[in-house]
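> Here is the input, now give the coordinates:
(chains A and B)
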Amino acid sequence: NAGVTQTPKFQVLKTGQSMTLQCAQDMNHEYMSWYRQDPGMGLRLIHYSVGAGITDQGEVPNGYNVSRSTTEDFPLRLLSAAPSQTSVYFCASSASGGRGYTFGSGTRLTVV
Amino acid sequence: AQSVTQPDIHITVSEGASLELRCNYSYGATPYLFWYVQSPGQGLQLLLKYFSGDTLVQGIKGFEAEFKRSQSSFNLRKPSVHWSDAAEYFCASQTGANNLFFGTGTRLTVIP
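Numbers count the residues shown, from 1 in each chain, chains lettered A, B, ... in the order given. Now for the predicted structure:
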């Protein structure tokens, strides 16, 4: 059972480039979320989804897009990368009923 | 607005000593509360969770936490710390939308 899988693990982008961070879970979880982690700020919610076809904005959504076409996948798109998006990104999933989230191992993104 | 506060940025304890990490929450109703641990370069692992009922909850790796409504606290404890417990610890509460709201984390250093 793989849990939550994120790819890539590391990425360096130039300012203005676009890319997609991939996230897949094999636990048939309804809820999926993207967080970014920055030193001294904990984890902040970017976007989340409560099921296939349903997404919503979190605390820091600007500069990011998401879609949820299947239960398993929840990609995060950076439209035009900026140095302020240098961070560690975590994807997480949860079954309904608030049973706690399972996290992926993260993607470390550097924008130069 | 919902918030989670971890007042200690960094704590150092000796191996074998007891540990208490503080967490305070602000929420209108009784929230769901969680403690996660993050080892360097890794994702987040769920230590324990509180939903309702018994206010003392047991988790993995010998950790426990006590929910105190009167103090709006959910402190994490361990009677005897091991060197492998060195990591960053995050307290989180869950919103009505099933999203997690994190504190800024406490980094634990264990000295021999």
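
> Who does residue A:78 form a beta bridge with?
Judged by DSSP bridges, the bridge partners of residue A:78 are residue A:19, residue A:64.

> How about the contacts made by residue A:53?
A:68-69 (CB atoms under 8 Å, 6 or more residues apart in numbering or on different chains). C-beta here means a position set from N, CA and C on the backbone, and glycine is covered the same way.

> how near is it to chain B?
17 Å (CB to the nearest CB, to the nearest Å).

> contacting residues around residue 41?
Unless you meant another one, I'm taking chain A. Contacts of residue A:41 by CB under 8 Å, 6+ apart are residue B:104.

> With residue A:107 instead?
By CB under 8 Å, 6+ apart, the residues touching residue A:107 are A:6-11, A:21, A:88-90.

> how about the residues of chain B near chain A?
B:9, B:32, B:34, B:36, B:42-46, B:49, B:51, B:90, B:94, B:97-105 (CB under 8 Å from any CB of the partner chain).

> Could you turn the buried ones of these into a PyMOL selection?
A single PyMOL command is used to select the members of the residues of chain B next to chain A judged buried by 16 or more other CB atoms under 10 Å in any protein chain shown:
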select buried, chain B and resi 32+34+36+43+44+46+49+51+90+94+98+99+100+101+102+103+104+105
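
> Let's see which of the residues of chain B next to chain A end up in strands.
If you go by DSSP state E, those have B:32, B:34, B:36, B:44-46, B:49, B:90, B:94, B:100-102 in strands.

> Flag every residue of chain A that's near chain B.
A:31, A:33, A:35, A:40-45, A:48, A:50, A:56, A:58, A:90, A:92, A:94, A:96, A:98-106.

> how about a cut-off of 10 Å?
By CB under 10 Å from any CB of the partner chain, the residues of chain A that approach chain B are A:3-4, A:6, A:9, A:30-31, A:33, A:35, A:37-45, A:48, A:50, A:56, A:58-59, A:88, A:90-92, A:94-106, A:108.

> So what pairs up with the residue nearest the centre of chain A in the strands?
Residue closest to the mean C-alpha point of chain A, counted by CA atoms, centre = their mean, is residue A:34 at 3.0 Å. Beta-bridge partners for residue A:34, by DSSP bridges, are residue A:47, residue A:91.

> Return the per-residue confidence for it.
For residue A:34, the pLDDT comes out at 97.

> Would you mind measuring from it to chain B?
From residue A:34 to chain B the distance is 11 Å (CB to the nearest CB).

> Filter the residues of chain A next to chain B down to the buried ones.
Buried among those (16+ other CB under 10 Å): A:4, A:6, A:30-31, A:33, A:35, A:37, A:42-45, A:48, A:50, A:58, A:88, A:90-92, A:94, A:98-106.

> so where do the strands sit in chain A?
Under DSSP E, chain A gives strands at A:4-7, A:10-13, A:19-25, A:31-37, A:43-51, A:54-57, A:64-66, A:76-78, A:87-94, A:102-103, A:107-111.
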